[in-house]
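Asker: One predicted model, sequence on top.
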Amino acid sequence: MSDGLFKEKVKNFFKILCQTEWNATVTGLLVALLSILIMAWWRPWGAVGAIRNWGEWILYGIGLFPKPASVVVSSGSVIGIGFVAGAFISACLGNDFSFKFPPPWELVKAIIAGVLMGIGSALAGGCNVGGMYNAIGNLAANGFTMWLGLIIGVVIGLKYIYWEMEHVTWGTSGGRNFDFPYALKILIGLVSLGAVIWGAYYYAKQSDDYVSSLSGILIISAGLGYAMQRGRWCMVQAFREPHMTGDCTLAKSVALSILVVAMGAAVLKYAVPQRGSAVAVQSVLSDVIDEIDPDEVKDEELADTLEDVVDAAEQAVVAARRTLDPVNYVRGTFGWGAIVGGILFGLGAMFAGGCGSGTLWRVGEGQIKLWLVVPFFGITNAIMVKWFKAIHMEGVGPMHEGSKLGIHLYLPDALGYGGTLALIFFAMGLWYIIVDWNEDSNKLIVEM
Amino acid sequence: MSDIKIAPDGLEVARTLDAKGLSCPMPLLRTKKEIEKINSGEILEVLGTDPGSRNDIPGWCARAGHEYLGEKEDDGFMRFYIRKK
C-alpha cells in the first residue's frame, strides 16, 4: 500500500462527503431515510413548526403574544435549529458559505414571500414538508391537495417572475458577497459539528423524558439539513423546473423520496403499535385487573398501587400512540384549505426562491434574502394560526371536527394500508412519467 | 456530480450579467434573458454567488444547446462563461 495513494483516497472521501454536490436521487433517499428515522424516534419533521415558534418569540418581544415555548424546548424549534445547523456545517465544509447580500428588490420580495408562505402554510396545515412531503408520507389525504396547489402556485409564480423581469428595473442589481477564508470555514464548520453533538449529549443527560428525547431530534434534523444542503435538494425546484427549463431530476427524486417515506410510515404506523410493548402490557394488565376492582380491595396500599399501575399502563399507551399516531400530520385541510394554501405557499416560495425546508437550508448557507423571509413567514403564520384557533377554522380536537378548511382523512381509514400505498405509488409514478415526458416534449414549459 | 470546469483564459466577452447576491432561480432566468441580447457565437459572462448556479448553468446550457465554457473563481464570486449557439 502506498501512503500517497491512501492519502489521496482520504482526500477523495472528504471531497465526496463534504464538497461535491450530491446526486439528487441519493439525497432524496437519504432524506427519506432520515424522515423515517425521526418518525420512529417520535415525530415527523417539519419546517413551519420552528419558523412559527421563532415568529411567536418576535411577537412576544413586541408585546403582542404571550410567552411561547422555549426555542430549545419546543420540538418544532429544535428541528429548525438542528436543520439550519446541519446546513451551515455542510455549507462551511463545502466552501458554500458566505454572506450573500441580495439587491434591494429581492429584499422586498422576501417580505412578500414570507407573508404568502405564512398564510399558505396556515391554510394547508403545514409547509411543503409538513403539509405535503410528510403529509403524503404520513398517509394523509391533505398532502395530495397541497401537492396540487403547489403545482398551480409555482406556475403562477413563474409567470409573475417573467413579468417582473420585463417590468421591474428598480433594485435588481448591486448584490454583494462577503466571503471568508476556506480554512476558517472548515474550522467553524467543525466547531459547529462539535456543538451539535454536545447539544445532543446535553439533552440526553436531562432527567425529563421529553427534553432528553430532543437529543435524537437535534441530531436527525442536523442530518436532514446537511443532506439537503449538500444535495441542494429543493422541493420548490422540483415543482418549478419542469415548467421552467424542463429539467425533471429533482421532481423525480422528490416523487421517489415521498414513496419511500410512505412505505416507512406504513410499516411504523401499521405494525409497531400492534406489536408495541406498551399496548401488550396494557392489554395483559387490563385483563388481570378487570377481574379485580381496586375499590373492593381491602388493603388501601395495594389498591393505590394497582391504580397507579393501571394509570401508568394507560399513559404508556397514550405515549406509544402519540409517537406513531396516524393523527400526526393528518390535518383537516383535505379540500379548499390545502389547495388554496398550496397555491399561496407555492407562489410565496417562488418569490423567496425556496420552500419551507429550502428556505432553512439556504439560511444556513448565508443567503441574507432567506434570513428576511423567515421572520415574516413566522410572524404571519403565528398570527394566522392563532386566529384560526380562535375561530375553530380547522375544527375542534385532533380529528378536526367541523373544519371549515376541508376534511380530516387518514387514507388507510378509507383505502386500507395496501390501497393507500398503491394510491401513493400510482400518483408518484404518474408524476414521474409526466415530468419525464415533459423533459423531452417540453409541452408543459411556461415560455418566457 | 462532475468536477468543476475551469474556463480558459483570454475569453472575449460580449456582455456581462451581474447576478451577484441573487438566489435561485433568478441567476438562471436572468441568464436566459440576457443571452437573447448577444449574437450567435458571442460569449456571455455571468457573475454570481449562488452555489446552485454551478449546476444550473451548465445543465441549462446542455439543454438549450449553448456551449458552457466553464467558470472562474474571483474575489468572493464566480464568473461563468457561455458561448451562444
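Answerer: Nice, I can see it.

Asker: Near chain A, which residues of chain B? Just list them.
Answerer: Counting by C-beta under 8 Å from any C-beta of the partner chain, chain B comes close to chain A at B:1, B:3, B:18-26, B:28-30, B:32-33, B:49-52, B:54-55, B:59-60, B:63, B:75-77. To be clear about C-beta, it is placed using only N, CA and C from the backbone, and glycine gets the same treatment.

Asker: go again using 6 Å as the cut-off
Answerer: Contacts of chain B with chain A, taken as C-beta under 6 Å from any C-beta of the partner chain, map to B:1, B:18, B:20-24, B:33, B:49, B:51-52, B:55, B:60, B:63, B:76-77.

Asker: Which one of those is nearest to chain A?
Answerer: Proximity of these to chain A, judged by C-beta to the nearest C-beta, is greatest for residue B:21, which lies at 1.7 Å.

Asker: before we move on, what SS does that closest one have?
Answerer: coil (DSSP: H, G, I helix; E, B strand; the rest coil).

Asker: returning to that earlier point: next, give me the two most distant ones among the residues of chain B next to chain A.
Answerer: The most widely separated members of those are B:63 and B:76, with 28.8 Å between them, by C-beta to C-beta.

Asker: Just the residues contacting stretch B:53-69, thanks.
Answerer: Residues from elsewhere that reach stretch B:53-69 (C-beta atoms under 6 Å, 6 or more residues apart in numbering or on different chains): A:21, A:245, B:7, B:27-28, B:80-85.

Asker: Show the low-confidence segments of chain B, by residue range.
Answerer: Low-confidence segments of chain B, defined by pLDDT under 70: B:1-3.

Asker: Of the residues of chain B next to chain A, which is the nearest to residue A:104?
Answerer: Nearest member of the residues of chain B next to chain A to residue A:104, counting by C-beta to C-beta, is residue B:21, at 9.9 Å.

Asker: May I have the residues that are in contact with the closest one?
Answerer: The neighbours of residue B:21, taking C-beta under 6 Å, 6+ apart as the test, are A:100-103, A:175-176, B:49.

Asker: if we go to 8 Å?
Answerer: A:100-103, A:106, A:174-177, A:368-369, B:49 (C-beta atoms under 8 Å, 6 or more residues apart in numbering or on different chains).

Asker: In a markdown table, list those along with secondary structure.
Answerer: A markdown table is the format used below for these (three-state DSSP):
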| residue | secondary structure |
| --- | --- |
| A:100 | strand |
| A:101 | strand |
| A:102 | coil |
| A:103 | coil |
| A:106 | helix |
| A:174 | coil |
| A:175 | coil |
| A:176 | strand |
| A:177 | strand |
| A:368 | helix |
| A:369 | helix |
| B:49 | coil |
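
Asker: From these, list just the buried residues.
Answerer: Neighbour counting over the contacts of residue B:21 (16 or more other C-beta atoms under 10 Å in any protein chain shown) leaves A:100-103, A:106, A:175, A:177, A:368-369, B:49 as the buried ones.

Asker: And the residues you listed, which two are furthest apart?
Answerer: Taking C-beta to C-beta as the measure, the buried ones among the contacts of residue B:21 have their most distant pair in A:106 and A:177, spaced 13.4 Å apart.

Asker: Okay, whichever residue of chain A sits closest to chain B and residue B:27: tell me how far apart.
Answerer: Among the residues of chain A, residue A:175 lies closest to chain B, at 1.7 Å counting by C-beta to the nearest C-beta. Using C-beta to C-beta, to the nearest Å, one obtains 10 Å as the distance from residue A:175 to residue B:27.

Asker: Give me the common contacts of those two.
Answerer: By C-beta under 8 Å, 6+ apart, the residues touching both residue A:175 and residue B:27 are residue B:19.

Asker: Identify the residue nearest residue A:127 in space, chain neighbours excluded?
Answerer: Closest residue to residue A:127 apart from its sequence neighbours, by C-beta to C-beta, 6 or more residues apart in numbering or on different chains: residue A:356 at 3.0 Å.

Asker: what's the burial count for that neighbour?
Answerer: Residue A:356 is flanked by 34 other residues according to other C-beta atoms under 10 Å in any protein chain shown.

Asker: can you count the residues close to residue B:4?
Answerer: Neighbouring residues of residue B:4 were enumerated by other C-beta under 10 Å; the total is 12.

Asker: where's it, which helix or strand?
Answerer: Residue B:4 belongs to no helix or strand when elements are defined using DSSP states H and E.

Asker: low pLDDT regions in the stretch 201-350 of chain A?
Answerer: Per-residue confidence of the stretch 201-350 of chain A (counting by pLDDT under 70) places the weak regions at A:272-284, A:288-289, A:292-297, A:315-328.

Asker: and it, which of its residues are near chain B?
Answerer: Where proximity means C-beta under 8 Å from any C-beta, the interface of the stretch 201-350 of chain A facing chain B comprises A:232, A:234, A:237, A:240, A:244-247.

Asker: Out of those, which two sit at the greatest distance?
Answerer: The widest separation within those (C-beta to C-beta) is 18.1 Å, between A:232 and A:246.

Asker: Give the residue farthest from the middle of chain A.
Answerer: Within chain A, the residue lying farthest from the chain centre (C-alpha atoms, centre = their mean) is residue A:298, at 53.3 Å.

Asker: In chain B, what residue spans correspond to helices?
Answerer: Listed from the start of the chain, chain B has helices (DSSP state H) covering B:26-34, B:53-64.

Asker: Highest mean neighbour count out of those helices?
Answerer: When you average the neighbours per residue for each of the helices of chain B (mean count of other C-beta atoms under 10 Å in any protein chain shown), helix B:26-34 leads with a mean of 21.

Asker: where along chain A do the strands fall?
Answerer: If DSSP state E is used as the criterion, the strands of chain A fall at A:99-101, A:176-178.

Asker: Any chance of those strands in TSV with distance to residue A:88 and mean pLDDT as columns?
Answerer: As requested, the strands of chain A are arranged in TSV below (distance: least, C-beta to C-beta, whole Å; pLDDT from 0 to 100):
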stretch	distance to residue A:88	mean pLDDT
strand A:99-101	12	94
strand A:176-178	15	90
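
Asker: Relative to residue A:260, which of those strands is closest?
Answerer: With C-beta to C-beta as the criterion, residue A:260 lies closest to strand A:99-101 of the strands of chain A, at 32.5 Å.

Asker: residues in contact with the closest one?
Answerer: Under C-beta under 8 Å, 6+ apart, the answer for strand A:99-101 is A:175-179, A:365-369, B:21, B:23, B:49-50.

Asker: residues in contact with residue 80?
Answerer: Chain wasn't specified; assuming chain A. By C-beta under 8 Å, 6+ apart, the neighbours of residue A:80 are A:47, A:49-51, A:53-54, A:221, A:360.

Asker: Chain B is the one I meant
Answerer: B:7, B:31, B:45-48, B:53, B:57, B:68, B:70-71.

Asker: Residue A:71 reaches residue A:79, doesn't it?
Answerer: No. Using C-beta atoms under 8 Å, residue A:71 is not in contact with residue A:79; the gap is 11.1 Å.

Asker: Who has more neighbours out of these two?
Answerer: With neighbours defined as other C-beta under 10 Å, residue A:71 and residue A:79 compare such that residue A:79 has more, 29 against 16.

Asker: what's the closest non-adjacent residue to that one?
Answerer: Of all residues apart from its sequence neighbours, residue A:221 sits closest to residue A:79 (C-beta to C-beta, 6+ apart), at 4.4 Å.

Asker: Now do the same contact list for that neighbour.
Answerer: Residue A:221 sits in contact with A:38, A:45, A:78-83, A:86, where contact means C-beta under 8 Å, 6+ apart.

Asker: which of these sit farthest apart?
Answerer: Spatially, the most separated pair among these is A:38 and A:81, at 14.0 Å (C-beta to C-beta).
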